[in-house]
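In: Sharing a model that was predicted from the sequence below.
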Amino acid sequence: MGECLILNSLCTSAQSNLSIGTPILTTSPSPKSVSTTKPDLKISQMPVSNSSITSSSSTAVVSPHSADLRICVNGNATRGELAMVNFPPVVQIKDDDIKLIIGPKRLTNPLMVGVRPCEATISKCQQLLSQADEDDDNESDVAIQLANLGVFDQHMIEIWRKAVIGAAVKRRVTEEKRWLSDTSVLTDSNIQEVAAVLFDSKPQQEILRFGNIIVDANDLSSLVAERYLTGFIIDGACLKYCQEVQANGAQCIYLPSLTQTWASSGNCNYLHSKVVPYISGREINQLQWLITPIHINDNHWGLLCLNMVSCQAFFDDGLKVNPPLNICDIIQALVEVIHLSMSKQYIVSTTATVMEHLPSNLTV
């Protein structure tokens with residue numbers, strides 16, 4: 001229910017932003033990219049293999065999935081368009097059949113293959129290519145032999161990686177459409193607004209921005225059917241709430257969900273450099289509350305609340321899950337950062353006051 005209301009509110013606010021959205025990175029870590037010195041290979045320039053897997057004669061036969069893969073790869077498709085793509089069926093390939101090829105003589109066009117490797121195989125290919133790139137001093141061309149599918153270089157493996165991402169979007173959109181048709185919480189008008197934002201946006205298109213926090217279409221879709229809350233969604237909602245209460249005179253500061261990671265580094269100066277954008281311009285010595293989300297067991301969120309006046313720490317979690325074991329270290333790090341900020345703020349304020357009273361003919 002809560003996620004549904006947030007989704008409706010964010011989608012309503014996002015209507016005017018859709019036309020100016022820009023691609024951004026998502027919250028999930030992306031697989032390690034494979035660096036290369038070769039230029040990007042366009043689909044239209046890909047070599048064609050005459051292997052038996054793609055053709056039974058000397059003339060290559062274009063796979064019926066070729067046009068759909070082109071839609072997936074070009075990066076301009078919306079989530080709704082990706083949901084209409086007919087992806088090639090997935091085949092399982094044993095690790096023993098995944099071999100690194102140095103100086104391949106011939107490459108296979110993935111658009112000519114009627115199937116695609118599974119996600120685990122693609123990850124294995126990227127790992128091998130990355131290791132070869134790091135170990136290779138002669139800058140030799142490398143590729144991957146996938147059983148009897150053919151030989152593929154990193155550009156071709158990238159096509160299949162995008163197909164994996166596109167297929168995942170397709171599954172999510174199917175679930176979202178089913179949820180919208182069954183929901184009793186949203187009105188017909190709300191459903192149309194939510195559907196427009198979800199399905200007419202590119203997967204990584206910027207939907208909303210709250211200061212330094214960006215919510216893209218993937219983040220927003222995570223609210224559908226109460227799947228889960230991403231850190232960006234939590235940050236956006238909390239920052240919006242803090243803006244409202246600060247306008248009413250409340251002295252509180254919200255630090256984003258990454259604060260837990262920053263504080264766990266054990267480096268006070270590093271943590272301070274990260275939180276400065278969120279505390280700059282505020283009267284730190286008048287601060288009453290500092291709040292920040294805490295991720296627990298990689299699947300649940302709680303809220304850490306520090307009362308700077310009473311010097312008390314509170315952890316709020318509706319499911320009563322215990323906070324992480326290093327919660328005391330995180331609290332200590334945040335308190336040290338606030339004290340550091342207060343000291344620097346005092347130095348800046350005192351220096352400004354002294355400068356105002358210096359004689360006008362004194363050179364500093």
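Out: Great, that's in hand. Numbering: from 1, shown residues only.

In: From what I see, residue 141 and residue 103 are in contact.
Out: Yes. Under the criterion of Cβ atoms under 8 Å, residue 141 lies in contact with residue 103, with a separation of 5.5 Å. For every residue, glycine as well, the C-beta is placed using N, CA and C.

In: out of these two, which sits in the more crowded spot?
Out: In this comparison of residue 141 against residue 103, neighbours counted by other Cβ atoms under 10 Å, the higher total goes to residue 141 at 16 against 9.

In: Give me the pLDDT value at the more buried one.
Out: Here the pLDDT value assigned to residue 141 is 86.

In: residues contacting it?
Out: Taking Cβ atoms under 8 Å, 6 or more residues apart in numbering as the criterion, residue 141 is in contact with 38, 102, 103, 104, 153.

In: I'd like those as JSON lines, with secondary structure appended.
Out: Written out in JSON lines, the entries for these read as follows (DSSP: H, G, I helix; E, B strand; the rest coil):
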{"residue": "38", "secondary structure": "coil"}
{"residue": "102", "secondary structure": "strand"}
{"residue": "103", "secondary structure": "coil"}
{"residue": "104", "secondary structure": "coil"}
{"residue": "153", "secondary structure": "coil"}
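
In: farthest-separated two in these?
Out: 38 and 102 (14.3 Å; Cβ to Cβ).

In: By neighbour count, which of the contacts of residue 141 wins?
Out: With neighbours defined as other Cβ under 10 Å, the most crowded of those is residue 153; it has 23 neighbours.

In: So that one is in contact with residue 142, correct?
Out: Yes. At 7.3 Å, residue 153 counts as touching residue 142 under the criterion of Cβ under 8 Å.

In: intersection of neighbour lists for these two?
Out: In the contact map built from Cβ under 8 Å, 6+ apart, the residues linked to both residue 153 and residue 142 are residue 104.

In: Quick one: neighbours of residue 194, just the number.
Out: 25.

In: and the helix or strand containing it, what other elements does it pack with?
Out: Using DSSP states H and E, residue 194 sits within helix 188-199. Contacts of helix 188-199 with other secondary structure elements, assessed using 3 or more Cβ pairs under 8 Å, 6 or more residues apart in numbering; DSSP states H and E, are made with helix 2-14, helix 79-82, helix 154-182, helix 217-221.

In: Could you dump those helices into JSON lines with mean pLDDT and distance to residue 280 added?
Out: Supplementary listing: those in JSON lines, determined by pLDDT from 0 to 100; distance: least, Cβ to Cβ, whole Å:
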{"stretch": "helix 2-14", "mean pLDDT": "59", "distance to residue 280": "26"}
{"stretch": "helix 79-82", "mean pLDDT": "94", "distance to residue 280": "36"}
{"stretch": "helix 154-182", "mean pLDDT": "92", "distance to residue 280": "37"}
{"stretch": "helix 217-221", "mean pLDDT": "89", "distance to residue 280": "25"}
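
In: mind checking how far residue 326 is from residue 261?
Out: Distance of residue 326 to residue 261, computed by Cβ to Cβ, to the nearest Å: 11 Å.

In: Ok, residue 303 next?
Out: Distance of residue 303 to residue 261, given as Cβ to Cβ: 16 Å.

In: next one: residue 146
Out: As for residue 146, its distance to residue 261 is 37 Å (criterion: Cβ to Cβ).

In: of these two, who's got more company?
Out: Just comparing residue 146 and residue 261: by other Cβ under 10 Å the higher neighbour count belongs to residue 146, 26 against 14.

In: So what sits opposite that one in the bridge?
Out: Residue 146 has these beta-bridge partners by DSSP bridges: residue 98, residue 150.

In: gap between stretch 107-115 and the chain center?
Out: Averaging C-alpha positions (Cα atoms, centre = their mean, to the nearest Å) puts stretch 107-115 30 Å from its chain's average.

In: for the record, mean pLDDT for it?
Out: Within the predicted structure, the mean pLDDT of stretch 107-115 is 89.

In: what about residue 253, which helix or strand?
Out: Taking DSSP H and E as the criterion, the element that holds residue 253 is strand 252-254.

In: residues making contact with that strand?
Out: Residues contacting strand 252-254 (Cβ under 8 Å, 6+ apart): 235, 238-239, 241-242, 245-246, 278-279, 282, 287-292.

In: Quick check: buried residues in stretch 98-114?
Out: Within stretch 98-114, the residues scored as buried using 16 or more other Cβ atoms under 10 Å are 98, 101, 104, 107, 108, 109, 110, 111, 112, 113, 114.

In: Was I right to think the first one contacts residue 149?
Out: Meaning residue 98. No. Counting by Cβ under 8 Å, residue 98 does not reach residue 149; the two are 10.3 Å apart.

In: So what touches stretch 289-308?
Out: Against stretch 289-308 from outside (Cβ under 8 Å, 6+ apart): 228-229, 231, 234-235, 238, 242, 250-257, 259-260, 287-288, 312-317, 319, 321-324, 327, 330-331, 334-335, 338.

In: In this protein, where is pLDDT below threshold?
Out: For the chain, the stretches flagged by pLDDT under 70 are 1-62, 136-140, 343-364.

In: got the residue ranges for the strands in it?
Out: Listed in chain order, the strands found in the chain under DSSP state E are 90-91, 98-102, 116-117, 142-146, 150-152, 206-210, 213-216, 252-254, 289-296, 300-307, 312-316.

In: Check which residues of the fifth one are buried.
Out: In this case it means strand 150-152. Neighbour-count burial for strand 150-152 flags 150, 151, 152 (criterion: 16+ other Cβ under 10 Å).

In: Next up, the contacts around the second one.
Out: So that's residue 151. Contact criterion Cβ under 8 Å, 6+ apart gives 49, 101, 104, 106, 107, 108, 143, 144, 145 as the residues in contact with residue 151.
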